[in-house]
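Visitor: based on what follows, work out the 3D shape:
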Amino acid sequence: EAYVDTGKVYLITRPFVRNVLDAAVFMLAEAAGPDNYHNVVATYFKTQTTWASSDKPRDAILEIAKQLGFTQETFDAALTNQALFTGMEAVREQALNDFGLVGTPTFYVNGK
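Guide: Residues are numbered from 1 along each chain as shown. Alright, predicted model coming up:
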């Protein structure tokens with residue numbers, strides 16, 4: 001609170017996509033909009049053991065998305081946003097190649 005809330009420090013979170021399930025969650029969060037982004041991410045983190053270990057993870061992710069207000073149509077639209085997916089891949093490549101990211105979470109201060 002003393003740093004972020006006062007503007008002394010900026011906290012910037014970026015998705016790090018390790019696999020297709022990560023991509024789906026972050027694409028849904030983006031589709032939910034800035035006001036709901038963190039709620040979507042938090043919900044999927046809380047329920048990760050359910051959908052990540054499911055034999056049908058797409059269906060499990062869809063059921064949670066419906067509880068978050070998505071319809072089949074908005075779910076499909078979110079997961080087929082190629083421009084967003086390409087952007088997330090670019091962020092991942094930058095993290096790996098330019099910053100040497102080896103795991104998450106990772107914190108950088110002044111670019112280091």
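Visitor: packing partners for the longest helix along the chain?
Guide: Determined from DSSP state H, the single longest helix within the chain is helix 82-97. Other elements packing on helix 82-97 under the criterion 3 or more C-beta pairs under 8 Å, 6 or more residues apart in numbering; DSSP states H and E are helix 20-32. Every residue, glycine included, has its C-beta placed from N, CA and C.
Visitor: on that earlier part again, and the longest helix of the chain, which residues are buried?
Guide: Neighbour counts over helix 82-97 (16 or more other C-beta atoms under 10 Å) mark 84-85, 88, 92, 95 as buried.
Visitor: contacting residues around that helix?
Guide: 14-17, 23, 26-27, 30, 101, 106 (C-beta atoms under 8 Å, 6 or more residues apart in numbering).
Visitor: tabulate those residues (JSON lines), appending distance to residue 52, pLDDT and neighbour count.
Guide: Formatted as JSON lines, the contacts of helix 82-97 follow (distance: C-beta to C-beta, whole Å; pLDDT from 0 to 100; neighbours: other C-beta atoms under 10 Å):
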{"residue": "14", "distance to residue 52": "20", "pLDDT": "82", "neighbour count": "12"}
{"residue": "15", "distance to residue 52": "16", "pLDDT": "85", "neighbour count": "20"}
{"residue": "16", "distance to residue 52": "15", "pLDDT": "87", "neighbour count": "17"}
{"residue": "17", "distance to residue 52": "14", "pLDDT": "89", "neighbour count": "19"}
{"residue": "23", "distance to residue 52": "13", "pLDDT": "96", "neighbour count": "18"}
{"residue": "26", "distance to residue 52": "14", "pLDDT": "96", "neighbour count": "23"}
{"residue": "27", "distance to residue 52": "16", "pLDDT": "97", "neighbour count": "22"}
{"residue": "30", "distance to residue 52": "19", "pLDDT": "96", "neighbour count": "18"}
{"residue": "101", "distance to residue 52": "21", "pLDDT": "87", "neighbour count": "14"}
{"residue": "106", "distance to residue 52": "21", "pLDDT": "84", "neighbour count": "12"}
